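Colleague: I'd like to go over a predicted model; first the sequence, then the structure.
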Amino acid sequence: MYSTPHIVSDVMSHTVAAVGRRAAFTEIVQLMQDWKVSALPVLEGEGRVVGVVSEADLLPKEEFRDRDPDRAERLRRPDDLAKAGGRTAEDLMTSPALTVRANATLAQAARTMAHARVKRLAVVDDVGMLQGIVSRADLLKVFLRTDEEIAGEVRREILAHLFPAPVSAVRVEVHKGVVKLTGRSRDTSLLPVAARLVRAVEGVVDVEFERTRPEGAAEPAAAPREGDGHLSSA
């Protein structure tokens, strides 16, 4: 019923800046500056990802540069203190690296990023070899779909199945990613179902539902509302 969702390989960057375990602190900083990135995968061998070094891993060097940590900090932040003395990527990196497969959906990658509070993920194959990088900005590319593309998918993949004519007459309009469904259906229980399915379409920002009534008909009861959306009736 549904179009195939975009996967990580559709949006990831294939050209990646990376470092080896022995890369020096200053080399790492310079590479981040040159590539305008906040983290770099750390590789060994032919390109297997063994860790990630980020700006957060480098900052303790500056934080503790001109002072000694107190006893509370030594107990509370042993990892940061170890990184403050680090000289190479191996000393500084977070390991194992948080990675994602190229065939993961964008939703799966987004959940991983959100849960770990990271801005980018290394993309690896089945044996952990680096294939690319996917960032938060890459995941947001689905919101660049045109309103016409979104409307076409909603009509074809959802409305044609839930509200087949002529029993139901539901129209779709999309403006800046916001989908508005207008019409009538004999089965009002399908309204929240439709809103949920439409909201899952890639590129949709929000969903509204405006239920109409035939001329001369009594005022209908309010349409069901979803707790996390803007499903409404008029």
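Modeller: The structure has been received and is ready for your questions.
Colleague: quick one: low-confidence parts of the chain?
Modeller: For the chain, applying pLDDT under 70 flags the ranges 1-4, 66, 165-168, 211-234.
Colleague: any chance you could map the strands in it?
Modeller: Ranges of strands in the chain, per DSSP state E, are 19-20, 39-44, 48-54, 99-101, 120-124, 130-135, 169-175, 178-184, 206-211.
Colleague: I'd like these laid out as JSON lines, including distance to Arg156 and mean neighbour count.
Modeller: Using the backbone N, CA and C atoms, a C-beta is placed for each residue, glycine as well. Below are the strands of the chain laid out as JSON lines (distance: least, Cβ to Cβ, whole Å; neighbours: other Cβ atoms under 10 Å):
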{"stretch": "strand 19-20", "distance to Arg156": "46", "mean neighbour count": "18"}
{"stretch": "strand 39-44", "distance to Arg156": "39", "mean neighbour count": "24"}
{"stretch": "strand 48-54", "distance to Arg156": "39", "mean neighbour count": "22"}
{"stretch": "strand 99-101", "distance to Arg156": "29", "mean neighbour count": "19"}
{"stretch": "strand 120-124", "distance to Arg156": "30", "mean neighbour count": "25"}
{"stretch": "strand 130-135", "distance to Arg156": "28", "mean neighbour count": "22"}
{"stretch": "strand 169-175", "distance to Arg156": "10", "mean neighbour count": "17"}
{"stretch": "strand 178-184", "distance to Arg156": "14", "mean neighbour count": "18"}
{"stretch": "strand 206-211", "distance to Arg156": "17", "mean neighbour count": "19"}
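Colleague: Export these as CSV, with columns for distance to Pro192.
Modeller: Formatted as CSV, those follow (distance: least, Cβ to Cβ, whole Å):
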stretch, distance to Pro192
strand 19-20, 50
strand 39-44, 40
strand 48-54, 41
strand 99-101, 32
strand 120-124, 33
strand 130-135, 32
strand 169-175, 14
strand 178-184, 12
strand 206-211, 9
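Colleague: closest to Thr26 out of those?
Modeller: Set against Thr26 and scored by Cβ to Cβ, these come closest in strand 19-20, at 11.6 Å.
Colleague: that older thread, mind checking which of the strands of the chain is nearest Arg76?
Modeller: strand 48-54 (20.1 Å).
Colleague: nearest to Asp147, of the strands of the chain?
Modeller: The closest of these to Asp147 is strand 169-175. By Cβ to Cβ, the value is 4.0 Å.
Colleague: Determine the set of other helices and strands touching the closest one.
Modeller: Counting by 3 or more Cβ pairs under 8 Å, 6 or more residues apart in numbering; DSSP states H and E, the packing neighbours recorded for strand 169-175 are helix 147-154, strand 178-184.
Colleague: Make CSV from these and add distance to Leu81 to it.
Modeller: As requested, these are exported to CSV (distance: least, Cβ to Cβ, whole Å):
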stretch, distance to Leu81
helix 147-154, 50
strand 178-184, 49
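Colleague: looking at those, which is closest to Asp138?
Modeller: Across the helices and strands packed on strand 169-175, Asp138 has its closest neighbour in helix 147-154 (18.5 Å, Cβ to Cβ).
Colleague: Next, the angle from the closest one to strand 169-175.
Modeller: Relative orientation of helix 147-154 versus strand 169-175 (axes from the mean of the first three to the mean of the last three Cα atoms, to 10 degrees): 150 degrees.
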